[in-house]
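Asker: Turn this into a structure:
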Amino acid sequence: MLAVLRIRKLLQTSAAEKGRPLIPASNGSEHDIVMTQPALARVIIVHFSHAMSGKILDPSRGEGAFYNQFPSHLERDWCEVSEGRDFFTWDERVDWVMTNPPWSQVRVFTQHAMRVADNIVWLAPLTNITTKARLRDLEEHGFGVSELLFVDTPKGDGWPQSGFQIVAAHLSRGYRGDWRVGRL
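Answerer: Down below sits the predicted model:
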């Protein structure tokens, strides 16, 4: 078909030049700065608050949409790389980690979060949570997907309108059951 359309050489050259056939380019870090609307953070926190206890960390605080609304009964802390507090240097144990992480770094954020927490809640595209490699990472670290809450993609405020489903995903150490799926 490509030969008939006379674009086979064009596509072959393009893919070969990039050295990455059929693999999309990564987003630059400037596309990862998308601030969560406080109202959205609030409904996610309320949904999980019945199960929360101990210490909670917001590893990517931004303007504080999550951090500023964590329940008062929790001991809370934060990281924000732009303020010199890099999550990847955090080594204290916490009970919960919750944020809207940089989507291009969901895998490494999750890998690090599994070292320091028993419960992780990410606001991210479903596809960033459920690739084979990311599910394998969870299993290897003794985690499971406890719950996926479908979230309507916020309008405006720089939110990418990619067409991918956004979720609040609860990843939990030791969880081996079925995935609970709901909608906020």
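Asker: When you work out contacts or count neighbours from here on, use the C-alpha atoms and nothing else.
Answerer: Noted.
Asker: Can you give me the neighbour number for Arg136?
Answerer: 14 (other C-alpha atoms under 10 Å).
Asker: Val94 now?
Answerer: 20.
Asker: what pairs with it across the strands?
Answerer: Ala117 (DSSP bridges).
Asker: who's in contact with Ala117?
Answerer: Arg93, Val94, Asp95, Trp96, Val97 (C-alpha atoms under 8 Å, 6 or more residues apart in numbering).
Asker: now, among those, which is nearest to Ala65?
Answerer: For the contacts of Ala117, the closest approach to Ala65 (C-alpha to C-alpha) belongs to Val97, at 13.9 Å.
Asker: Do I have it right that the closest one meets Ile120?
Answerer: Yes: using C-alpha atoms under 8 Å, Val97 is in contact with Ile120, at 4.8 Å.
Asker: where do the contact lists of those two overlap?
Answerer: By C-alpha under 8 Å, 6+ apart, the residues touching both Val97 and Ile120 are Ala113.
Asker: which is the next helix or strand following the least confident helix or strand in the chain by mean pLDDT?
Answerer: Using mean pLDDT, DSSP states H and E, helix 8-18 stands out as the lowest-scoring helix or strand of the chain, at a mean of 47. Going down the chain from helix 8-18, the next helix or strand is helix 38-49, by DSSP states H and E.
Asker: still on that earlier bit, out of the contacts of Ala117, which is most surrounded?
Answerer: Val97 leads these on contacts (other C-alpha under 10 Å) with 26 neighbours.
Asker: Just to be sure, that one is in a helix?
Answerer: No: counting by DSSP: H, G, I helix; E, B strand; the rest coil, Val97 falls outside a helix, being strand.
Asker: so where's this protein shaky on pLDDT?
Answerer: 1-34, 156-160 (pLDDT under 70).
Asker: Now with 50, please.
Answerer: Residue ranges of the chain with pLDDT under 50: 1-2, 4-5, 7-17, 20-31.
Asker: what about the strands in it?
Answerer: Here the chain has its strands, by DSSP state E, at 55-58, 75-78, 94-99, 117-125, 143-151, 166-173, 180-183.
Asker: Columns distance to Arg134 on top of those, output as CSV?
Answerer: Formatted as CSV, the strands of the chain follow (distance: least, C-alpha to C-alpha, whole Å):
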stretch, distance to Arg134
strand 55-58, 21
strand 75-78, 24
strand 94-99, 17
strand 117-125, 13
strand 143-151, 11
strand 166-173, 11
strand 180-183, 18
